[in-house]
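Peer 1: what follows is a predicted protein model with its sequence.
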Amino acid sequence: MTKSSAWAGAGGALGGSIRKVEGRSFIAAVAAARLVAAVLAAVLVTGGCSMLGGHSSPAPAAGAAGAGGAGGHRAALRFPAAENRKKGTRDWKLTQLGAQDAVEGFADHVSVLPGQSFRLYVSTTSASFRVQAFRMGWYHGTRARQVWKSGREAGHVQAAPRVRPGTRMVTAPWQPSLTVSTRGWPPGAYLLRLDAVSGAQRYVPITVRSPSTAGKVVMLLGVTTWQAYNRWGGYSLYDGPGGISDRAHADSFDRPYNGSGADQFLYFNEPPIALAEHTPGVPLAYETDIDIAQDPGLLRGARAVISLGHDEYYSASMRRALLGARNGGTNLAFLGANAMYRHIRLAPSPLGRDRIEICYKDAAIDPMYGTDNAATTQNWRDPPDPRPESVITGVFYECNPVSAAYVVYDPKNWIFAGTGVRKGTSFPGLVGPEYDRVNPAVPFPKPLEVLAHSPLVCAGVPTYSDSAYYTVPSGAGVFASGTMRWVCAMRVPHCGHGVNGAARAFVDRATQNLLRAFAVGPAGRAHPARSNLAKVKPVRGSPYEGT
């Protein structure tokens, strides 16, 4: 399995040249084997919001707490509406990176509960630095609020990276620079900005997780995917100094992220978080995938879980958490493609629990092979214990890279209400660089409804990308966009690839429809999926699977 990427810089076009070579034995292995009227009315009159300012805000959902107009009191608003009425700042972005070692850092937790503290590890070539903490959201279009800043801290260059023989896992054997308390910080996704006296800047991401998800829509931050792509110190789960031949088999959270320090968050998580916090009537919770791995009951009572854009790496406990939530009536949405594709294990590091992410991508070289084949870390769909992502996502990853138009198939579906689309409406460049489709050769839940059916050619082979929606007996509804550029469209005009303002308005509106309906409860009760597979006639099997 190989995959290389060259994502564009923060605020730039999302790009990449990615290639995966799928395993050929999975197909053979498995072949044998209501939203109330008032809320819906509000959805239908909501205008498409701008993710970058300049457009009007969406109309509040009828009956939503705190939606009583100018006379409403902040205390009556549901979180995060009251939070987003606070003054934000545009001074959260990086203006100067400097050299990679000019300033960089990491935290000893990926998430903490409100009020808990974490340690920050910083290395800098400057004599001093400061730290500012920004909670990411809408905030009148500024997208962030400063919640804390440090005094001037002494800076120094910390020790060089260590590379563990065998797994080529990189760690930063640093000493802690300061301890940060989150007292008074509400739940949410945060960026800590390190400001060296030289002017160089970097981010350190941290999540203040919600103590409870009951009755809320969970924004799920896929930190294991961030880490898998992290090349700090020379090695990631994709390559090393010599390319894919010496890639790492384990990644540690005990090191900074390369680039800006938060590239994956900025590309795939920040846009839908801003949109969700800009959507009245949707109570939000924040968790990371590590959190759901550690607490099997964390999603109990959640209205929905939203997978944000690039959510590829899953442990068995993460999968069980989502499956159990869905079977208990929690709605799911996958706003990207290639979700739940790689199987990982988690292990402790000297700094704490589950700070090492193991993924050999080849069962035969995993030490667990032959001992516990259910724990080996190849792709979830591959032997020795194939469990494809389609049993949860409904769609099946197929190929990349590609860039194609997104073509609407079922314009009357409630998710597309108010978007103005018709059957055959297309949005250039909205499919790519990775995509999923409905594949009858693999197991998936039924009834399933194809919402978009987009023709494309990948690796010389004609095929399709699909957006899909299915429902299950618990009442849960599950949506999959089928394209990684769903979130990219929220970044127009900074997405690139021909993705335009019309695509942004469509994606924003459809996503808000999902958020509002999912916030009410099991969407299948009001919006049961109606299979249209007999009309769509998706192709069975895939040339990429050797079938």
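Peer 2: Okay, I see it. Numbering: from 1, shown residues only.

Peer 1: where do the strands sit along the stretch 151-300 of the chain?
Peer 2: With strands called from DSSP state E, counting those that start in this stretch, the stretch 151-300 of the chain shows them at 153-154, 162-163, 170-171, 178-181, 188-196, 201-208, 217-221, 250-252, 284-288.

Peer 1: what about the spatially closest residue to residue 501 that is not a sequence neighbour, neighbour count?
Peer 2: Nearest-residue entry for residue 501: residue 492, 5.7 Å, with adjacent residues in sequence omitted and distances by C-beta to C-beta, 6 or more residues apart in numbering. All C-beta spots, glycine's among them, are computed from the backbone N, C-alpha and C. Residue 492 has 21 neighbours, counted by other C-beta atoms under 10 Å.

Peer 1: wait, residue 462 sits on residue 455?
Peer 2: Yes: at 7.0 Å, residue 462 counts as touching residue 455 under the criterion of C-beta atoms under 8 Å.

Peer 1: so residue 253 makes contact with residue 349?
Peer 2: Yes: Residue 253 is in contact with residue 349 according to C-beta under 8 Å; the separation is 7.0 Å.

Peer 1: in space, what's closest to residue 155 - neighbours in sequence excluded?
Peer 2: Excluding its sequence neighbours, the residue lying closest to residue 155 (C-beta to C-beta, 6+ apart) is residue 124, at 4.0 Å.

Peer 1: now residue 224
Peer 2: Take residue 224 and drop its neighbours on the chain: the residue closest to it by C-beta to C-beta, 6+ apart is residue 313, 4.1 Å away.

Peer 1: what separation is there between the one you found and residue 252?
Peer 2: 14 Å (C-beta to C-beta, to the nearest Å).

Peer 1: ok, now residue 198?
Peer 2: Using C-beta to C-beta, residue 198 is found at 27 Å from residue 252.

Peer 1: more neighbours: these two, which one.
Peer 2: Taking neighbours as other C-beta under 10 Å, residue 198 and residue 252 compare with residue 252 leading, 25 against 18.

Peer 1: residues contacting that one?
Peer 2: Listed by C-beta atoms under 8 Å, 6 or more residues apart in numbering, the contact set of residue 252 reads 169-171, 349, 355-357.

Peer 1: next structured bit after the top helix by length along the chain?
Peer 2: If you go by DSSP state H, the chain has its longest helix at helix 501-520. Stepping forward along the backbone from helix 501-520, the first helix or strand reached (DSSP states H and E) is helix 533-536.

Peer 1: what's the spacing between that following helix and its chain's center?
Peer 2: 30 Å (C-alpha atoms, centre = their mean, to the nearest Å).

Peer 1: then that helix to PDB, C-alphas only?
Peer 2: Only the C-alpha atoms of helix 533-536 are listed here, as PDB (Å, rounded to 0.1, in the frame of the first residue of the first chain):
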ATOM      1  CA  LEU A 533     -30.300   0.900  -6.300                       C
ATOM      2  CA  ALA A 534     -32.500  -0.800  -8.900                       C
ATOM      3  CA  LYS A 535     -32.500   2.400 -10.900                       C
ATOM      4  CA  VAL A 536     -28.900   3.400 -10.300                       C
END
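
Peer 1: tell me which residues are up against that helix.
Peer 2: Under the criterion C-beta under 8 Å, 6+ apart, residues 409, 438, 440, 448, 450, 453 lie in contact with helix 533-536.

Peer 1: okay, these in CSV with secondary structure and neighbour count next?
Peer 2: Listed next are these as CSV, based on DSSP: H, G, I helix; E, B strand; the rest coil; neighbours: other C-beta atoms under 10 Å:
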residue, secondary structure, neighbour count
409, coil, 21
438, coil, 26
440, coil, 13
448, strand, 24
450, strand, 26
453, strand, 24
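
Peer 1: now the two most distant members of those.
Peer 2: Greatest spacing in the contacts of helix 533-536, by C-beta to C-beta: 409 and 440 (16.1 Å).

Peer 1: related to what we said a few turns ago, so how many other residues sit close to the residue nearest to residue 224?
Peer 2: Neighbourhood size, residue 313 [other C-beta under 10 Å]: 26.

Peer 1: ok, now residue 363?
Peer 2: 21.

Peer 1: what about it, distance to residue 380?
Peer 2: 11 Å.

Peer 1: do you know how far residue 410 is from residue 451?
Peer 2: Counting by C-beta to C-beta - residue 410 and residue 451 are separated by 5 Å.

Peer 1: overlap in contacts, these two.
Peer 2: residue 416.

Peer 1: immediately after the least confident helix or strand in the chain by mean pLDDT, which helix or strand?
Peer 2: The helix or strand of the chain with the poorest confidence is helix 37-45; it has a mean of 34 (mean pLDDT, DSSP states H and E). Sequence-wise, the next helix or strand downstream of helix 37-45 (DSSP H and E) is helix 81-84.

Peer 1: show me the contacts for the residue nearest to the spatial centre of the chain.
Peer 2: Nearest to the mean C-alpha position of the chain, counting by C-alpha atoms, centre = their mean, stands residue 308 at 2.5 Å. The neighbours of residue 308, taking C-beta under 8 Å, 6+ apart as the test, are 219-222, 268-269, 272-273, 335-336, 487.

Peer 1: 10 Å - rerun?
Peer 2: Contacts for residue 308 (C-beta atoms under 10 Å, 6 or more residues apart in numbering) come out as 189, 219-222, 225, 264-265, 268-273, 276, 333-336, 339, 487.

Peer 1: from residue 486, how far out is it?
Peer 2: Note on residue 308: its distance to residue 486, by C-beta to C-beta, is 10 Å.
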